[in-house]
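Q: model this:
(2 chains)
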Amino acid sequence: MSPQVATLITGTLTTGAILSLLSVGFVIMYRATKVVSFAQGAFSLLGGFTFMALTQDGTGLWLALVITLVVALAAGTVTYLVVFVRLVGAEPFITAIATIGLGTLIEACAIIAWGSGPIILPTVISGRVYHLTGSLTVSVTQIFIVVSAIVIFAVVITALRRTRLGLRVQAVADQPRLAAYVGINVVAITTLAWAVSSATAAVGGVAFLLTTQPSPDSVYSLGLVVFPAILLGGLDSVGGALVGGILLAFIQNLVITYANGTWQDVTSYGLLLLVLLIRPQGLFGSAEVSRV
Amino acid sequence: MSTDDDRGAVGRPAAATQDIALAAPPAAAAARGPRLDSADLKRWLGAVVYVVVAAYILFGASAFNQYQASLVLVFAVAAIGQDWLMGRAGQISLGAAAFMAVGAFTTARISNESWAVFPLPIIISAVFGCVLGLVVGLTGLRLRGLYLALSTLALQFIVAFAAERYQGSNEAGLTAAVPALGGFKFASVQRLNLLFLVVLALVVLGLGGVYRRAPGRAWAAIRQDEAAAAVAGVDVVKWKLLAFVGSSGIIAVAGSLYAYQAATVTYIPFDISLAVSILVMVFIGGLGSMTGAIIGAVIVELLPNWLQSITNQVQGGSGLSSWLQTNHAELALAIYGLALLLVLIFERGGIVGLLNRLLTLTVRIARRRERA
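A: Modelled structure (predicted):
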C-alpha cells in the first residue's frame, strides 16, 4: 500500500469522525426543532476551549472530557431555554438567522475569554503510533477519535430506535402538536435535543483540537464546512450524517492527497451545489417540499 | 422587461398576471399607523437628514471621520442591495460578500484599461453582479428557503476561491485606478464621498420608486406567501429572478465603490464574516426598510471604532482601557450577535421598527392630550 493511500484511509476516518459528529448534532436539532443551525461550530469552539482550559490545568483526559460534555449539555440547554424557546413557531428563515447571531455571540465571547491564538492542547493522549501493514500507521489519537465517534453514534441510534425516550423524540420531531396532546413534554424533549446537539458538536471540536492546532476561527468554521456532509447524508437522517461525514472526508482527503489543500473548500461546496440541484433531500433524507 | 412571459407560477396568461399585480392596493401601508407619520412626511424628513449629513461629511468632518463615512456609505449601498432580496422578496442569502467581491475585482481589473472611462467600471461591475445573481437566482427557483441559503453559502466559498486564484501570487492585490469624470479626479476621500453620496442617493431614489409601485407589492406578496402570491396572479418566477438580479447588481456596485475606496483589492476582506455583517446591518437597522439598511451600516461600521475610542476617554492604563484595546473588535461582534438575537426575539422591524413604535406612541399620547 502506497503511503498516499495509507494517509488517505486514516485521514478519511479521523476527519470523517469529526464531520459526522458535527453533522449528527445538526440532524438531531433539525429533526426535533426544524432549526437549521449555523452555530454548530460555535458549540465546537466552546467545547474545545473548555477542554483546553481543563487539560492545561492538569485535569486528566477522561475527567476533562466528562466536564466538557456537562458544560456543552448545559450550554445547549441554556441556549434553548433563554433564546430559542422564544422563537418557537417562527419561520425557519428567522431561526436560521438567529443561529447566526448566536454563533457570532458565542465565538466572540469565547475569543474574548480565551484569546484568538491557535488552540494548543497539552499532551493528553499518548503519542504512540502503531504500524499496521506496509506504510499504514495509526496513532492512539486517531483510534481515540474514531472510537468516540462510533460510541456516540451507537448511543444516539440506540436511544432513538430502542428506548421510550427515543420514541418521544421521534414523536416530537414528526408531530409536535400531537405529541403534546398525548402528554409528551415537548419543551423537555426539545431542550434535550439542543443539549445533545451541543454536546456532539463539542466532542467534534475536541477531536479537531486533538488532530491539529487550529485557530478559534477555523473551529468555528467547522460549522459551515460541515454543510456539504449534512446535505449529502440528508438533513434529517442520523445514519446519513455518518455516511455524509465520511464521504465528505474522503473527498476532502482525496483532494488534499492528490491535488492541493486550497481546492478543499471549493470541491466540498461544489459538491454541495451538485447535491442541492440534483437531490436536495440527500442520500438518506426524507423528500420534503424543498423545490418549487 | 418582457411581459409576454406566460410561464407564471399558476400558468396564467401574462396579461391577467400583470393586471392583478398592478391593481393590488397597498393596503398594509395605508392601514398601519396614524395619519401624522404619512409616508410623504417621512420622505421629506429623510431628504432633509440626508442633505444635512451629506453636508457634514463633505465639509465638516475630520479626515478620520471622512474615511469612516466613506466605509459607511459603501456598506449602506451593499445593505440596501441585501435588503432588496431579503427584506422585500423574502429570499435568504449569504452571498453578499461574494457579490461585493465580483464588483470589487471587476472594477480593479478594468479601471486601468484606457477604454473603461468612468463610470463604465461601476456599470460593468453591476452587470457582472447581475449576471451572477441571475445564475444564483435560477438555482433559487428550484430551491426554497434554507436550501437557497446553503446554495448562496456555496457561492461564497466558490467566489472566494476564484478570487484567491485570480489574485494568484500577487500578494499586494489589484490596484484600482483613481476615477475621474472629465477633468475632475476623485482623488481624495472627500471627493470619493461625493461620488458615494450621489450613488447612494440614486439607489435610494430609484429603489424607493420601484418599491412604491407594482413590483414592490409583488415582492411583498411573494415574501408573505409564495403560493398565495402565485394564486393571486403574481408571476413568482419573474419577480424572484428580478430581485436576485437587481439585488446582486446593487451589491456589486457597492463592491465597485469599495475598490475605489480601498484603492487596492485583495480577496481577504470578502469572507463569510463580511456576508454575515451585511446581513446583521439589514436586520439590526430594520428588515424591509432602506432607512434601516443605512442605520444598520452606520452602526456596524462605526461600533468597533467607537468602542476603541472609549479607551481614550477612560483613564489611560486602567484595566478596562487595556481590555477594551485588545478586545474591541470581538466585543463589537458579540454586540452584533446579541443585537441580532434581540431583534429577532423582540422587534423584527429592528431600529426602524422601534422608531415607528415610538412615533405611534407619541402620536397616540398627543391625541389623548388633545381630547382631554
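Q: just checking, B:Leu94 touches B:Leu279?
A: Yes. At 7.0 Å, B:Leu94 counts as touching B:Leu279 under the criterion of CB atoms under 8 Å. Any C-beta I mention is one placed from the backbone N, CA and C, and that applies to glycine too.
Q: Show me the helices in chain A, by range?
A: Taking DSSP state H as the test, the helices found in chain A are A:3-33, A:40-56, A:61-82, A:92-114, A:140-162, A:164-174, A:176-181, A:186-211, A:216-225, A:227-233, A:238-258, A:264-278.
Q: so how far is the last one from its chain's centroid?
A: Meaning helix A:264-278. 19 Å (CA atoms, centre = their mean, to the nearest Å).
Q: next one: the shortest one
A: The offset between the C-alpha centroid of helix A:176-181 and the centroid of the whole chain comes to 28 Å, using CA atoms, centre = their mean.
Q: Let me have that helix in PDB, keeping just the CA atoms, if that works.
A: C-alpha atoms of helix A:176-181 as PDB (Å, rounded to 0.1, in the frame of the first residue of the first chain):
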ATOM      1  CA  PRO A 176     -45.100  18.300  17.900                       C
ATOM      2  CA  ARG A 177     -48.700  19.300  18.500                       C
ATOM      3  CA  LEU A 178     -50.000  15.700  18.500                       C
ATOM      4  CA  ALA A 179     -47.000  14.700  20.700                       C
ATOM      5  CA  ALA A 180     -48.100  17.400  23.200                       C
ATOM      6  CA  TYR A 181     -51.700  16.100  23.100                       C
END
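Q: Which strands or helices does that helix pack on?
A: The contact analysis (3 or more CB pairs under 8 Å, 6 or more residues apart in numbering or on different chains; DSSP states H and E) places helix A:176-181 against helix A:164-174, helix A:186-211.
Q: want to try a markdown table for those helices, with mean neighbour count as columns?
A: Putting those into a markdown table (neighbours: other CB atoms under 10 Å in any protein chain shown) gives the following:
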| stretch | mean neighbour count |
| --- | --- |
| helix A:164-174 | 16 |
| helix A:186-211 | 25 |
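Q: And those: which comes nearest chain B?
A: Distance to chain B, taken as CB to the nearest CB, is lowest for helix A:186-211 among the helices and strands packed on helix A:176-181, at 14.9 Å.
Q: Could you name the helices and strands sitting against the closest one?
A: Judged by 3+ CB pairs under 8 Å, 6+ apart, the packing partners of helix A:186-211 are helix A:3-33, helix A:40-56, helix A:61-82, helix A:140-162, helix A:164-174, helix A:176-181, helix A:216-225.
Q: hmm, back to that, hey, least reliable of the helices and strands packed on helix A:176-181 by pLDDT?
A: Note on these: lowest mean pLDDT is at helix A:164-174, with a mean of 87.
Q: Name the surrounding residues that touch that one.
A: A:31-32, A:158-160, A:178-179, A:182, A:184, A:186, A:189-190, A:192-193, A:236 (CB atoms under 8 Å, 6 or more residues apart in numbering or on different chains).
Q: 7 Å instead?
A: Contact with helix A:164-174 is made by A:Arg31, A:Ala32, A:Ala159, A:Leu160, A:Ala179, A:Ile184, A:Val186, A:Ile189, A:Thr190, A:Ala193, as judged by CB atoms under 7 Å, 6 or more residues apart in numbering or on different chains.
Q: quick one, what contacts the closest residue to B:Ala221 other than its chain neighbours?
A: When the adjacent residues along the chain are set aside, B:Ala221 lies closest to B:Ala229, with 3.8 Å between them (CB to CB, 6 or more residues apart in numbering or on different chains). Taking CB under 7 Å, 6+ apart, we find B:Ala229 in contact with B:Ala221, B:Ile222, B:Val236.
Q: Assess the claim that the first one and B:Asp235 are in contact.
A: No. Under the criterion of CB atoms under 7 Å, B:Ala221 lies out of contact with B:Asp235, with a separation of 10.6 Å.
Q: Pull up the residues of chain A that are close to chain B.
A: Applying CB under 7 Å from any CB of the partner chain, we find that chain A lies next to chain B at A:36, A:83, A:86-87, A:92-94, A:96-98, A:100-102, A:104-105, A:108-109, A:111-112, A:224, A:227, A:231, A:265-266, A:269-270, A:272-273, A:276-277, A:280, A:290-292.
Q: Thank you, goodbye.
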